[in-house]
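Asks: Let's see this in three dimensions:
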Amino acid sequence: MPAVVKQAESAATRASASPRNILAWHVLYAVSMAVACLVAYWIALYAFASGFSKPSVTIGAMWAAIAAAFVFRDSRTQAFSAGISRLRATTVSFALCQMYLFFLPPTAVGMAVIIVAGTLILTAFRWREDIITTTITTIVVMVLSQLDPQNAWYQPMLRFLDILLGVAVGVACKWLADGAVVRRTLQ
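Replies: Numbering: from 1, shown residues only. You can find the predicted model right below:
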């Protein structure tokens, strides 16, 4: 781990442990997470607004905000690790859903088949901690695909982009928030 990251996390830990700064740390954390979710939501809402159905765009914005919340952890290292995990799980779900929807219509049974395949793939790669996230992503993609079966093929890519956006915004906001704590602590 780079020395700068260790220093930042150490300073953030000291700031959060100090009785004088504990309230400020928690308020900063809460506000930073809310900002990360809001920014991810707004970007996704407006980035994909043209050319797609309103429900798909709105759900995509929600999905980006969820991804931002998912990766917003106590430390920069934890946020980055959660981001990698989220992207790994999403990539497996995306690939399986895209292949399935290329050949077959979206169905509940198809969703179950993809869940089984995703679980077996993640187990084979020893990424069992990503099974639940892959399963949730697969459920979202397949349910949205069932709502608009004529355009089901684009749901996996849109949800992948939503999550990619949310992870990037969540990790970036965490890094910025921790940077603010480090600057304040080192003063």
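Asks: so how far is residue 91 from the most centrally placed residue in the chain?
Replies: Most central in the chain under CA atoms, centre = their mean is residue 67, positioned 2.4 Å from the mean C-alpha point. For residue 67, the distance to residue 91 (CB to CB, to the nearest Å) stands at 13 Å. Quick note: C-beta positions are derived from backbone N, CA and C, even for glycine.
Asks: Check residue 165 too.
Replies: Counting by CB to CB, the gap from residue 165 to residue 91 is 15 Å.
Asks: go on, residue 45?
Replies: Distance of residue 45 to residue 91, given as CB to CB: 23 Å.
Asks: And residue 170, by the same measure?
Replies: Counting by CB to CB, the gap from residue 170 to residue 91 is 17 Å.
Asks: okay, those two: which has more neighbours?
Replies: Neighbour count, other CB atoms under 10 Å: between residue 170 and residue 91, residue 170 has more, with 30 against 16.
Asks: I'd say that one and residue 76 touch.
Replies: No: the criterion here is CB atoms under 8 Å, and residue 170 misses it with residue 76 at 11.5 Å.
Asks: ok, residue 85 touching residue 130?
Replies: Yes: when contacts are counted by CB under 8 Å, residue 85 is listed as touching residue 130 (5.7 Å).
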